[in-house]
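Peer 1: Generate a structure from the sequence data that follows.
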Amino acid sequence: MKHAAGIIRKIQLTEKGTTQSSTLRKYFFEVAPAANKVEIKKAVEDLYKVKVARVNTMRYMGKARRERTAQAGHKSDWKRAVVTLQEGQQIDQTT
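Peer 2: Just a heads-up that it's a prediction; the model follows:
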């Protein structure tokens, strides 16, 4: 199993995520694209000391980008995990 800090890249603080965290106990994380749901659940429980009820994941393909020159590139692909916590659990998002 991979290290927890290598699986969870960062917590996403968005308007949608903030409202869902306060009402539905759902938190958004940017995770490693190769991570599966079991690894994500274990990593969140280890890093934040909470109990996870379920994990949903979404893959995002990197957008094509073009600079001033003719060279084209694209942003990296990434993966989002929506983690639902059990009743009474909460993550402090200030850090």
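Peer 1: From now on I want contacts and neighbour counts done on CA atoms only, so please keep to that.
Peer 2: OK.
Peer 1: Pairing partners for the helix or strand harbouring residue 29, with directions?
Peer 2: In the assignment (DSSP states H and E), residue 29 maps to strand 26-31. As defined by DSSP bridges, the strand partners of strand 26-31 come to strand 8-11 (antiparallel), strand 78-85 (antiparallel).
Peer 1: So for the last one, what gets flagged as buried?
Peer 2: Counting neighbours by 16 or more other C-alpha atoms under 10 Å, one finds that the buried residues in strand 78-85 are 79-85.
Peer 1: before we move on, back to that, ok now the strand holding residue 29, how far from the chain's centre?
Peer 2: The gap between where strand 26-31 is centred and where its chain is centred comes out at 3 Å by C-alpha atoms, centre = their mean, to the nearest Å.
Peer 1: Stretch 60-67 now?
Peer 2: Here the centre of stretch 60-67 is set off from its chain's centre by 20 Å, with C-alpha atoms, centre = their mean.
Peer 1: and the gap between residue 15 and residue 35?
Peer 2: Residue 15 sits 25 Å away from residue 35, going by C-alpha to C-alpha, to the nearest Å.
Peer 1: mind listing the helices for the protein?
Peer 2: Ranges of helices in the chain, per DSSP state H, are 4-7, 15-23, 37-48.
Peer 1: Of all the ones you listed, which one comes closest to residue 72?
Peer 2: When those are compared by C-alpha to C-alpha, helix 4-7 sits nearest residue 72, at 29.3 Å.
Peer 1: need the contact list for the spatially most central residue of the chain.
Peer 2: Of all residues in the chain, the one closest to the mean position by C-alpha atoms, centre = their mean is residue 29, 1.7 Å from it. Residues near residue 29 by C-alpha atoms under 8 Å, 6 or more residues apart in numbering: 8-12, 80-83.
Peer 1: and if you look at residue 52?
Peer 2: Here residue 52 is in contact with 41, 44-45, 83-86 (criterion: C-alpha under 8 Å, 6+ apart).
Peer 1: Alright, that wraps it up for me.
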